[in-house]
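Undergrad: build me a structure from this.
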Amino acid sequence: MRRFSWTKTLGAAALAGLIAGSAAEAAEVPEPISRDWPHEGVFGTFDRAALQRGMQVFMNVCSSCHGLQYVAFRNLEFLGYEEPEIRAIAENFYVEDGPDEFGDMFERPAEPFDQWPSPFDNEQAARAANGGAYPVDLSLITKARAGGENYLYSLLVGYTEPPPDAELMPGMHWNEYFPGHQIAMAQPLWPDMVDYQDGTEPTISQMAADVTQFLHWAADPKMEMRKEMGVMVILFLIVLSIIFYAYKRRVWSDVEH
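TA: Got it, this is the predicted structure:
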């Protein structure tokens, strides 16, 4: 009985220590930078120009390590691209197809109906090419991370030199907004690394904001349609309520209250 009591006490102390340590670590990470995104709010819509710039950033920077497995190239029509442009974008990537008449798999240029491919054949190959770190698929990244767009934007602009008293592990990089601050992904964005087609200056902040909006569209491509439907339903219910109220007044108009 005494032994059980000591075990229980030690277990509670260990749990309290873990909770305190986790809370202290979380407290060290600042809140993500809060931005006013054009797609926020009931009437918010996607900025098509920003989405196109964000796709440029993704193709030139992110697609070498990350995939978009839930996005088909034909979906780029939403961004304002015509079919010949979409076909030209898809042909920059290769996908596995087959089997052919000999029973072998083969690679071919992607077609508009194909999903955006991963740059690696499997997770093991991805880890081997990235020092053991696994570059996740970005299709749902703004939905999968607490803080959504603000967290992703903050992460992209949050690379700094580590504090003098910090011990940086081999192969890791310092990021103000990453839990624990040490992240395997090297700083992906640098000034002027993307030549924007619309002439926008490609600063780190601009590229981070653009690719964040593109990835949020990838995670929620039907957002505008859903908002439009919601507004229509609300308007319908308002009109229906007015009709019911008028009908009620007429039906009960001859009744003394």
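Undergrad: other SSEs contacting the longest helix seen in the chain?
TA: Longest helix in the chain, counting residues (DSSP state H): helix 223-251. Helix 223-251 sits against no helix or strand, with contacts defined as 3 or more Cβ pairs under 8 Å, 6 or more residues apart in numbering; DSSP states H and E. For glycine as for every other residue, the C-beta is placed from the backbone atoms N, C-alpha and C.
Undergrad: which of the residues in it are buried?
TA: Across helix 223-251, burial judged by 16 or more other Cβ atoms under 10 Å covers K227.
Undergrad: repeat that for stretch 193-212.
TA: Buried residues in stretch 193-212, counted by 16+ other Cβ under 10 Å: 194, 196, 202, 204-212.
Undergrad: in stretch 170-183, what counts as buried?
TA: 172-178, 181-183.
Undergrad: narrow the residues you listed to those in strands?
TA: 173-174, 182-183 (DSSP state E).
Undergrad: related to what we said a few turns ago, from the buried residues of stretch 193-212, which ones fall inside helices?
TA: 204-212.
Undergrad: and which of those residues is nearest L138?
TA: Ranked by distance to L138 (Cβ to Cβ), those are led by V211 at 9.2 Å.
Undergrad: CSV for the buried residues of stretch 170-183, including distance to E101 and pLDDT?
TA: Output for the buried residues of stretch 170-183, formatted as CSV (distance: Cβ to Cβ, whole Å; pLDDT from 0 to 100):
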residue, distance to E101, pLDDT
M172, 49, 93
H173, 48, 95
W174, 54, 96
N175, 50, 96
E176, 56, 96
Y177, 52, 96
F178, 50, 95
H181, 54, 94
Q182, 51, 95
I183, 47, 94
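Undergrad: which of those residues lies closest to G67?
TA: I183 (19.2 Å).
Undergrad: how far away is the closest one from L240?
TA: I183 sits 52 Å away from L240, going by Cβ to Cβ, to the nearest Å.
Undergrad: I'm done for today, thanks for sticking with me.
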